[in-house]
Every structure is written in C-alpha cells, then in structure tokens.
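Build the 3D model from these lines:
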Amino acid sequence: MKALQAYLFRQGMIPLLAILGGLAGVAILTQGLNQLDLIVDQRQSTLAFLWVTLLSMPQLISLIMPLAVFFAVAYAVNRMHTESEIAVAFAAGVSPWQIVSPILKLAALAGIAHLAVNVLIQPASYREMRETVHAMRTDFAASLVRAGEFTTPADGLTFYAREVGAGGVLRDLFIDDRRNAQRPTTYTARTGVIVSAGGAPAVVMREGQIQQPKPDGAIDLLDFDQYTLELGAFVSAEDEYILKPSDRFLAELFYPDRTYYYDQRNADRFLAEGHHRLSSPLLDPALALIALAGLLAGDFSRRGYGRRIAIAAGSALIVRIFALGIQAACVDQPSLNPLQYIFPIAVCGVALWMLSAPRRGARKPARASALSMAR
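Got it, this is the predicted structure:
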C-alpha cells in the first residue's frame with residue numbers, strides 16, 4: 001500500500017513542478033515587461049534587469065501556487081482515470097481515502113513551502129529588489145547623462161554633454177535651468193562630474209560660465225573655475241525609499257512604527273497583508289480538494305470527466321478570486337480579517353463532505369463497479 005501511495009504522490013508532484021514552472025515563466029515574462037524602463041530609461045545592464053526580475057519571483061510563485069496545485073491534481077487524477085488506474089486500485093480493495101491521502105500530503109507540502117515563501121523569502125527578496133530599483137532610479141549619472149543627446153530629467157531642466165570620458169568626466173557641458181521663468185539660468189562648462197553631496201546628487205563644473213538675462217534684455221555673465229549645482233530638488237518624491245507591504249516581514253506588518261506617518265496611515269493595509277501571508281497557504285489544500293471532489297466524488301463515467309473538470313476549474317478560479325477580494329475588503333474593514341482563514345477552511349470542509357458523500361445510484365459493491373470500469 002505504501003508503494004501505491006508513493007506512486008500517487010509522484011503522479012501529483014511531477015505535474016505540479018512542471019505547471020508551477022510554466023506559470024512562473026509566464027508571470028516572470030509579464031513582470032519583466034514592467035521593468036524594461038530600467039534598460040530603456042535608466043540605461044542599466046541586462047544583468048541588472050534579470051536580477052530585478054528574478055527577485056520578483058517569490059511573490060509571483062505565492063500568487064500562482066494554489067492554482068498550480070489544482071491543475072496538477074486535476075491532471076494527475078484525470079490521467080489515472082483515463083488509464084483505469086483508479087478503477088483497478090478500487091478493484092484491489094483500495095479505499096478512496098487511500099487515494100486521497102497522498103494527494104493531500106502533496107498539497108500540505110506545497111502549503112508549507114508557500115508559507116515559507118510568504119513569511120521569509122518574499123519580504124527578503126522584495127526588500128532587496130526595492131533597494132536595487134531605488135538605487136537605479138536615483139542614479140543621475142545613468143538617467144541624466146547621455147553623451148551627445150539633450151535630456152530633460154525634470155520640467156524646465158535641459159542637460160547636454162558632448163561625451164562622457166573615463167571616470168565619468170563630462171566634456172562640453174550645457175545645462176539650461178528654466179524652472180524660474182522670471183530668471184532662467186544657463187550653465188556651460190568645459191568639464192564636469194556628477195557626485196553625491198550630502199546624500200543628494202550634484203554636478204561639479206569646471207572652467208565654465210553662468211548666463212542670466214536681465215529685465216532690460218542684457219545678460220549677466222559670470223565666469224568660474226569651479227561651480228557646484230545641486231540636483232537634489234530634481235529627485236522625484238515617488239523615488240523616496242519606502243518599504244511597502246510586500247517588502248515587510250510579519251513583525252513589521254503586525255507591529256508597524258506608529259510614529260512614522262506612512263506606517264500610521266497604512267496600518268490596516270499592513271494588517272491585511274500579514275493575515276494574507278499566513279492564510280493564503282490554506283488555499284493549496286483547499287484547491288487540491290476541489291480537484292479531488294470534482295474527479296472522485298459522484299459516479300464513474302465512461303465518457304470522461306471533461307465537464308467535471310470544467311466545473312471544478314471554474315470553482316477553483318472563483319475561490320482564488322474571492323480570497324483576493326476578501327484581502328482587499330480587509331484593508332478597509334480590519335474586522336473581516338478572520339474571514340481570510342475561515343474561507344479556505346470552509347472550502348476544505350465542503351470538498352471533504354462531497355468526497356465522503358455516497359455515490360448516487362451506486363447499487364453495486366464498489367469492487368464490482370470498479371472491475372466493470374476496468375474492463
């Protein structure tokens with residue numbers, strides 16, 4: 001009997017890994033398209049793009065894991081039905097629960113892995129991704145300077161450098177600052193370099209000139225040997241480094257820093273995210289039981305189980321969407337957070353009841369009925 005259960009476990013494990021890999025590949029491709037601006041706008045390397053995309057994998061795996069478990073179980077059980085393996089097992093005296101138990105063990109292992117991803121791997125990887133992307137997007141040397149091109153990193157600011165030499169030295173530099181329409185300023189310099197001054201980017205220009213028009217139409221000229229233009233004001237507020245709910249560990253979600261305005265404002269969102277991290281692994285056995293109930297509950301069918309699979313797939317999709325809806329509702333109504341645990345447990349209960357319910361019209365003993373199906 002242990003050999004049979006090990007065989008059933010493998011029949012579910014192999015398609016689970018294959019389906020999870022396929023769905024993860026599609027999800028990564030979609031996520032990668034969102035990060036293309038790192039190459040196009042920020043001029044980062046392909047390696048940096050791949051690293052950021054790889055860091056987004058844990059959350060994608062967490063999102064698709066329950067559906068991957070469902071499809072793997074449905075595929076494995078349907079294949080065993082098609083090849084009469086389940087009918088032969090019943091004929092040999094195997095009970096339905098002896099077939100269900102290895103599949104549930106697989107779903108439980110998937111749930112444990114899912115929980116580990118949610119609690120440990122996802123926040124660590126997303127925090128690293130947030131730091132990496134923030135560093136890329138605030139890298140003025142990459143976003144501001146394009147040799148031989150005029151760029152506009154902010155409204156009213158035009159930047160040009162003929163070439164970028166060794167060590168990031170800018171040659172034949174031109175900066176036109178028209179943020180103040182009443183007093184536009186133009187900077188020209190023979191050389192310049194972008195540095196960090198007090199944590200903010202700045203351009204240190206050498207051998208240049210500052211030009212400012214006067215109200216009477218004349219131009220003020222000021223020659224300088226060295227001049228520093230701070231660019232901190234051009235850093236967008238949205239580029240500020242903030243740990244979002246997906247970047248935080250459980251302790252930071254359940255016990256945010258109430259003295260910090262962002263944490264205080266989003267405390268309910270953090271709470272909903274924390275409960276979602278703990279409750280979403282319950283969807284793995286819930287969707288596995290939906291697949292088992294769809295294919296094992298009810299009478300045997302010689303004409304296949306396409307209709308049952310379609311109904312089970314629709315039910316699994318509704319359950320997954322409804323679980324996400326509950327999480328969204330908990331952001332506005334924290335008292336609903338217990339539903340994030342109650343809902344998947346209730347789905348498991350309904351599916352178990354369907355599996356234990358007697359088959360309609362089953363007047364023959366299970367062994368005789370299974371033998372007739374095997375023939």
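
where do the strands sit along the protein?
150-154, 157-164, 170-177, 185-197, 200-213, 219-230 (DSSP state E).

comparing those strands, which gets the lowest mean pLDDT score?
Least confident of those, judged by mean pLDDT, is strand 150-154 with a mean of 76.

before we move on, back to that, could you export the strands of the chain as JSON lines, including distance to Ala107 and mean neighbour count?
Quick note: C-beta positions are derived from backbone N, CA and C, even for glycine. Formatted as JSON lines, these follow (distance: least, C-beta to C-beta, whole Å; neighbours: other C-beta atoms under 10 Å):
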{"stretch": "strand 150-154", "distance to Ala107": "51", "mean neighbour count": "13"}
{"stretch": "strand 157-164", "distance to Ala107": "56", "mean neighbour count": "18"}
{"stretch": "strand 170-177", "distance to Ala107": "59", "mean neighbour count": "19"}
{"stretch": "strand 185-197", "distance to Ala107": "51", "mean neighbour count": "18"}
{"stretch": "strand 200-213", "distance to Ala107": "51", "mean neighbour count": "17"}
{"stretch": "strand 219-230", "distance to Ala107": "57", "mean neighbour count": "12"}
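
do you know which of the ones you listed lies nearest Glu273?
Each of those has some distance to Glu273 by C-beta to C-beta; the shortest is strand 200-213, at 31.9 Å.

Who are the packing partners of the closest one?
strand 170-177, strand 185-197, strand 219-230 (3 or more C-beta pairs under 8 Å, 6 or more residues apart in numbering; DSSP states H and E).

The same query, at a cut-off of 10 Å, please.
Of the remaining helices and strands, those touching strand 200-213 by 3 or more C-beta pairs under 10 Å, 6 or more residues apart in numbering; DSSP states H and E are helix 140-143, strand 170-177, strand 185-197, strand 219-230.

For the second one, name the packing helices and strands.
Translated: strand 170-177. Using 3+ C-beta pairs under 10 Å, 6+ apart: strand 170-177 touches strand 150-154, strand 157-164, strand 185-197, strand 200-213.

Now distance to Pro334 too, for those strands, in a markdown table please.
Output for these, formatted as a markdown table (distance: least, C-beta to C-beta, whole Å):
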| stretch | distance to Pro334 |
| --- | --- |
| strand 150-154 | 40 |
| strand 157-164 | 44 |
| strand 185-197 | 42 |
| strand 200-213 | 38 |
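
returning to that earlier point: quick one: closest of the strands of the chain to Ile311.
strand 150-154 (55.1 Å).

need the helices for the stretch 251-375 of the chain, in chain order.
Assigned by DSSP state H, counting those that start in this stretch, the stretch 251-375 of the chain shows helices spanning 261-265, 267-279, 283-296, 306-332, 339-356, 366-374.

how about Gln182, what does it touch?
The neighbours of Gln182, taking C-beta atoms under 10 Å, 6 or more residues apart in numbering as the test, are Pro213, Pro215.

now Met13
Ala72, Ala76, Pro102, Ile103, Lys105, Leu106, Leu109, Ala110.

pLDDT at it, what is it?
89.

need the contact list for Val119.
Phe249, Leu250, Gly274, Arg277, Leu278, Pro281.

thinking again about what came up before, between all of the contacts of Met13, which two are separated the most?
Top of the distance list for these (C-beta to C-beta): Ala76 and Leu109, 14.6 Å.

higher neighbour count, these two?
Applying other C-beta atoms under 10 Å to Ala76 and Leu109 shows that Ala76 carries more neighbours, namely 23 against 15.

State the distance from that one to Pro15.
According to C-beta to C-beta, to the nearest Å, Ala76 and Pro15 sit 6 Å apart.

who touches both of these two?
Joint contacts of Ala76 and Pro15 (C-beta under 10 Å, 6+ apart) do not exist.

sorry, back to before: in a markdown table, list the helices and strands packed on strand 200-213 along with distance to Ala24.
As requested, the helices and strands packed on strand 200-213 are exported to a markdown table (distance: least, C-beta to C-beta, whole Å):
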| stretch | distance to Ala24 |
| --- | --- |
| helix 140-143 | 29 |
| strand 170-177 | 42 |
| strand 185-197 | 38 |
| strand 219-230 | 44 |
